[in-house]
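S.K.: Here is the input, now give the coordinates:
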Amino acid sequence: MTRSDWIEHRRPDGELVGWLEPDGDGFHVVDLLGRRHTSAPVDYAEAERALEELGIGYLADRYSLQLEDGTERRVRISEVSLEGVVVLADDFGTAAVIGANPDSYELPFPAPAELRSLDAASLPRDLLP
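M.R.: Next up, the predicted model:
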């Protein structure tokens, strides 16, 4: 399937929350980063419910970006579109500081595996806040 086959799913307020990717008689749930959230196709209603539950809050989370040299950089998502994902370095909250000029990284869409959500259990020691 190509992205042109994806079906947009929007909240009642019109906000895009993701896509339904057709697969035979079912659908895969695809988030705004272009990542699948279902390993097997589900029915349309179940896919819609899954997107509603997923929401868009994960876009505000902290992420880790593995750079080409193998180092990890803590980042936050700045922009997401079908053309790509832009993340900003979040060194001690600098991505949110007005006037700060954090390093910016342009990534392809769907977001690559090198961009991973951070959680306390998997956070490398050098990325701890």
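
S.K.: Show the contacting residues for S104.
M.R.: S78, V86, V87, L88, A89 (CB atoms under 8 Å, 6 or more residues apart in numbering). Placement of C-beta: from N, CA and C, glycine included.

S.K.: Just the buried ones from the residues you listed, in PyMOL syntax?
M.R.: Buried members of those, defined by 16 or more other CB atoms under 10 Å, are picked up in PyMOL with:
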select buried, resi 87+88+89
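
S.K.: In strands, which of the contacts of S104 appear?
M.R.: The members of the contacts of S104 that map onto strands under DSSP state E are S78, V86, V87, L88, A89.

S.K.: can I get the contacts of S104 in CSV with pLDDT and distance to S104?
M.R.: Output for the contacts of S104, formatted as CSV (pLDDT from 0 to 100; distance: CB to CB, whole Å):
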residue, pLDDT, distance to S104
S78, 94, 7
V86, 97, 6
V87, 96, 7
L88, 93, 6
A89, 92, 8
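
S.K.: among the contacts of S104, which two are most distant?
M.R.: Greatest spacing in the contacts of S104, by CB to CB: V86 and A89 (11.5 Å).

S.K.: Give me the common contacts of those two.
M.R.: Both V86 and A89 are contacted by S104, Y105, under the criterion CB under 8 Å, 6+ apart.

S.K.: rewinding a little: closest one of the contacts of S104 to P108?
M.R.: Nearest to P108 out of the contacts of S104 is V86 (CB to CB; 11.1 Å).

S.K.: Good, we can wrap up now.
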